[in-house]
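1. Would you be able to build a 3D model of this:
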Amino acid sequence: MVKSKLEQSIIDALEEKAAAHDIDIVDVEIVGATKAPCIRVRLDKLSGDPINLDEVTAQTAWVSDCIEALDPIESAYTLEVSSPGMNRPLRRPSDFSRFAGEPVELTTTATEGRRSYKGTIAEAHDTSVTLELEEGETVTISYDEVKKCTLKPVFDFKGSKEGK
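-> Next comes the predicted model:
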């Protein structure tokens with residue numbers, strides 16, 4: 001995954017302490033204005049169980065302390081700590097393996113041709129991911145070219161009508 005040096009330095013600092021708190025650093029993203037950016041940190045439990053709001057709140061203090069010690073941004077910034085949500089970002093090869101068979105939306109840094117893909121993770125390898133696209137074709141993309149990838153949840157609003 002392509003991350004800025006600043007984002008990667010925050011990820012590295014947080015990951016050093018995360019295991020002691022039974023936390024997985026899902027993603028770090030810096031967005032907004034350069035004078036007052038927002039640092040978004042997405043957390044989950046190491047066990048793979050979903051994290052709830054109370055647990056996110058309990059983890060925010062050490063995350064804030066860790067980022068403050070790193071002092072990554074000279075000006076004021078906002079820290080936003082949350083769960084990964086329904087559109088969970090995928091950052092590491094292990095994330096792609098964990099969610100094999102799930103629908104995703106992926107953007108690459110490719111300078112020629114197609115940049116955006118929607119499909120299902122067919123296979124996840126150490127250096128690349130293979131997607132089965134909505135159009136029926138397959139494509140293999142190196143993780144070095146992945147700019148952003150998020151899960152795309154499927155909602156079934158029809159539900160089961162058994163017994164009615």
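2. Can you name every helix or strand that the longest helix along the chain contacts?
-> Criterion DSSP state H: the longest helix present in the chain is helix 53-70. Contact here means 3 or more Cβ pairs under 8 Å, 6 or more residues apart in numbering; DSSP states H and E; on that basis helix 53-70 packs against helix 5-18, strand 38-45, strand 78-82. Placement of C-beta: from N, CA and C, glycine included.
3. how much does the first one deviate in direction from helix 53-70?
-> Using axes from the mean of the first three to the mean of the last three Cα atoms, to 10 degrees, the inter-axis angle of helix 5-18 relative to helix 53-70 is 120 degrees.
4. buried stuff in helix 5-18?
-> Of the residues in helix 5-18, Glu7, Ile10, Ile11, Ala13, Leu14, Ala18 count as buried by neighbour count, 16 or more other Cβ atoms under 10 Å.
5. Same question for stretch 83-90.
-> Ser83, Pro84, Arg88, Pro89, Leu90.
6. Let me see the contact set for the closest residue to Ala18 other than its chain neighbours.
-> Nearest non-adjacent residue to Ala18, counting by Cβ to Cβ, 6 or more residues apart in numbering: Ile25, 5.2 Å away. Ile25 makes contact with Ile11, Leu14, Glu15, Ala18, Val41, Arg42, Leu43 under the criterion Cβ atoms under 8 Å, 6 or more residues apart in numbering.
7. can you put the residues you listed in a markdown table and add pLDDT and distance to Ser94?
-> Formatted as a markdown table, these follow (pLDDT from 0 to 100; distance: Cβ to Cβ, whole Å):
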| residue | pLDDT | distance to Ser94 |
| --- | --- | --- |
| Ile11 | 97 | 14 |
| Leu14 | 98 | 17 |
| Glu15 | 97 | 13 |
| Ala18 | 97 | 14 |
| Val41 | 98 | 19 |
| Arg42 | 97 | 15 |
| Leu43 | 97 | 16 |
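8. For Leu70, state which of these is nearest.
-> Distances from Leu70 to these, taken as Cβ to Cβ, are shortest for Leu14 (8.9 Å).
9. what sits against the closest one?
-> Ile25, Val28, Val41, Val63, Cys66, Ile67.
10. mean confidence for stretch 78-87?
-> Averaged over stretch 78-87, pLDDT sits at 95.
11. Likewise for stretch 25-35?
-> Stretch 25-35 comes out with an average pLDDT of 93.
12. With stretch 59-72 instead?
-> For stretch 59-72, mean pLDDT rounds to 96.
13. mind listing what's buried in that stretch?
-> Along stretch 59-72, these residues count as buried under the neighbour rule (16+ other Cβ under 10 Å): Gln59, Thr60, Val63, Cys66, Ile67, Pro72.
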